[in-house]
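Peer 1: next one to model:
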Amino acid sequence: MSDRSVRFFGGPLDGRVQELADEEPVPGTVVRHIHLHGGPKIETRYELGLTENGWAYRVQAHESEPEPDTLS
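Peer 2: Okay, here's the model as predicted:
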(Lines give C-alpha, C1' and ligand atoms only; values in the text may rest on other atoms or scores of the structure.)
Protein backbone atom coordinates (compact mmCIF):
# COMPACT_ATOMS: atom_id res chain seq x y z
CA MET A 1 0.00 0.00 0.00
CA SER A 2 1.47 3.38 -0.96
CA ASP A 3 1.80 6.29 1.48
CA ARG A 4 -1.10 8.01 -0.39
CA SER A 5 -3.48 5.08 0.13
CA VAL A 6 -6.00 4.64 2.89
CA ARG A 7 -7.70 1.40 3.99
CA PHE A 8 -11.20 1.16 5.48
CA PHE A 9 -11.83 -0.98 8.57
CA GLY A 10 -15.32 -2.06 9.60
CA GLY A 11 -18.74 -1.34 8.17
CA PRO A 12 -19.78 -1.80 4.56
CA LEU A 13 -16.47 -0.46 3.17
CA ASP A 14 -14.31 -2.90 5.18
CA GLY A 15 -11.19 -3.82 3.22
CA ARG A 16 -11.59 -1.12 0.55
CA VAL A 17 -8.41 0.77 -0.35
CA GLN A 18 -8.44 4.15 -2.07
CA GLU A 19 -6.02 6.97 -2.80
CA LEU A 20 -6.03 10.02 -0.57
CA ALA A 21 -6.84 13.41 -2.08
CA ASP A 22 -4.02 15.73 -3.13
CA GLU A 23 -4.25 17.88 0.00
CA GLU A 24 -2.56 16.78 3.22
CA PRO A 25 -4.61 14.18 5.13
CA VAL A 26 -5.80 15.41 8.54
CA PRO A 27 -6.14 12.84 11.35
CA GLY A 28 -9.66 12.93 12.78
CA THR A 29 -11.30 13.74 9.44
CA VAL A 30 -14.68 12.03 9.24
CA VAL A 31 -16.25 10.75 6.02
CA ARG A 32 -19.79 9.46 5.62
CA HIS A 33 -20.87 6.53 3.51
CA ILE A 34 -24.60 6.46 2.77
CA HIS A 35 -26.12 3.22 1.48
CA LEU A 36 -29.48 3.55 -0.25
CA HIS A 37 -31.50 0.45 -1.02
CA GLY A 38 -35.08 -0.78 -0.80
CA GLY A 39 -35.14 -0.26 2.97
CA PRO A 40 -34.10 2.62 5.21
CA LYS A 41 -31.06 4.78 4.47
CA ILE A 42 -27.96 3.45 6.27
CA GLU A 43 -25.23 5.95 7.14
CA THR A 44 -21.78 4.83 8.30
CA ARG A 45 -19.12 7.26 9.51
CA TYR A 46 -15.39 6.59 9.28
CA GLU A 47 -12.63 8.52 11.08
CA LEU A 48 -9.19 8.95 9.52
CA GLY A 49 -6.13 8.06 11.57
CA LEU A 50 -2.45 7.32 11.02
CA THR A 51 -1.28 3.89 12.18
CA GLU A 52 2.13 2.23 12.06
CA ASN A 53 0.94 0.61 8.81
CA GLY A 54 -0.26 3.84 7.17
CA TRP A 55 -3.52 5.75 6.91
CA ALA A 56 -6.76 4.06 7.95
CA TYR A 57 -10.44 4.96 8.11
CA ARG A 58 -12.03 3.18 11.07
CA VAL A 59 -15.79 2.91 11.49
CA GLN A 60 -17.09 5.10 14.31
CA ALA A 61 -19.45 3.78 16.95
CA HIS A 62 -23.04 4.39 15.89
CA GLU A 63 -24.67 7.15 17.89
CA SER A 64 -28.39 6.84 17.41
CA GLU A 65 -30.23 10.11 17.12
CA PRO A 66 -33.75 10.19 18.49
CA GLU A 67 -36.47 10.07 15.87
CA PRO A 68 -38.45 13.30 15.67
CA ASP A 69 -41.84 13.09 17.34
CA THR A 70 -44.35 13.41 14.52
CA LEU A 71 -47.46 12.90 16.67
CA SER A 72 -49.27 16.08 17.66
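Peer 1: what about the chain, any weak spots by pLDDT?
Peer 2: Scanning the chain for pLDDT under 70 picks out the ranges 1-2, 62-72.
Peer 1: which residue is nearest the centroid of it?
Peer 2: residue 46 (2.3 Å; C-alpha atoms, centre = their mean).
Peer 1: bridged to that residue, which residues?
Peer 2: residue 31, residue 59 (DSSP bridges).
Peer 1: any idea how far residue 57 is from it?
Peer 2: Counting by C-beta to C-beta, to the nearest Å, the gap from residue 46 to residue 57 is 4 Å. To be clear about C-beta, it is placed using only N, CA and C from the backbone, and glycine gets the same treatment.
Peer 1: quickly list what's touching both of those two.
Peer 2: 8, 13, 31 (C-beta atoms under 8 Å, 6 or more residues apart in numbering).
Peer 1: contacting residues for the second one?
Peer 2: This means residue 13. Contacts of residue 13 by C-beta under 8 Å, 6+ apart are 33, 44, 46, 57.
Peer 1: angles on the backbone of it, please.
Peer 2: phi -100, psi 10 (degrees, to the nearest 10).
Peer 1: pop out the phi and psi values for residue 24.
Peer 2: phi -60, psi 130.
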